[in-house]
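Provide a 3D model corresponding to the input given below.
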Amino acid sequence: MLNQIINDAKSDMDRSIDGLKKNLATIRTGRAHISLLDSVRVDYYGTPTPLSQVANLSVPDARMIMIKPWEKPMLKAIEKAIMDANLGVTPSNDGDVIRVGVPSLTEERRREFVKQARARGEDAKVAVRNARRDANELLKEAKTEGEISEDDEKRGLKSVQDATDQSISDIDKLLAHKESEIMTV
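Prediction:
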């Protein structure tokens, strides 16, 4: 019982960190990265399809993403989907491939992205704290029902707190890395 509660809490905390990693990957850093286009859905014969499933994506240099569709008629649909996604980038079509230039960020825009990253980090911390609260409630409930002893409860509360501290530390490290990545010119 005790191990199950602790493992569930750790699992919830790990999911929060994984979600944060995915969220941070969508924030632009001024460098070209394929994950910038993850949210783009292309109309593929009437079905909204992720861009990576209809074209080959590559990053030939730090400021350019190259998209080579597997079917030539998809060029216009891909170009339209990128424009509709409102990512702040403009695709250019040369008949074979689409090139997406990633403009460098201004200082003000970089600071806005850092604020976004911090807000997403705070959301992840709240999710971790909620997992801790839920686990602590389950431990206290198990103790009052006599399923675990008082010593087990204290040991469980300490384990949950240790897992929480570790998760918060991991989140802070992710945020620090992302902030330095965003602020690097």
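
If you count contacts, what does the top helix by length along the chain end up packed against?
With secondary structure taken from DSSP state H, the chain has its longest helix at helix 107-144. On a contact count with 3 or more CB pairs under 8 Å, 6 or more residues apart in numbering; DSSP states H and E, helix 107-144 meets helix 2-25, helix 150-183. Yep, even glycine has a C-beta here, placed from its N, CA and C like the rest.

Could you export those as a markdown table, including mean neighbour count?
Listed next are these as a markdown table, based on neighbours: other CB atoms under 10 Å:
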| stretch | mean neighbour count |
| --- | --- |
| helix 2-25 | 17 |
| helix 150-183 | 16 |
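
These into a markdown table, with extra columns for mean pLDDT and distance to Ser58?
Output for those, formatted as a markdown table (pLDDT from 0 to 100; distance: least, CB to CB, whole Å):
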| stretch | mean pLDDT | distance to Ser58 |
| --- | --- | --- |
| helix 2-25 | 91 | 17 |
| helix 150-183 | 93 | 21 |
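
Which of these sits closest to Ala131?
Set against Ala131 and scored by CB to CB, the helices and strands packed on helix 107-144 come closest in helix 2-25, at 3.7 Å.

mind checking how far the residue sitting nearest the centre point of the chain is from Leu75?
The centroid of the chain falls nearest to Lys22 when counting by CA atoms, centre = their mean (1.7 Å). Separation of Lys22 from Leu75 (CB to CB, to the nearest Å) stands at 29 Å.

Kindly report the same for Ala127.
To Leu75, Ala127 is 41 Å away according to CB to CB.
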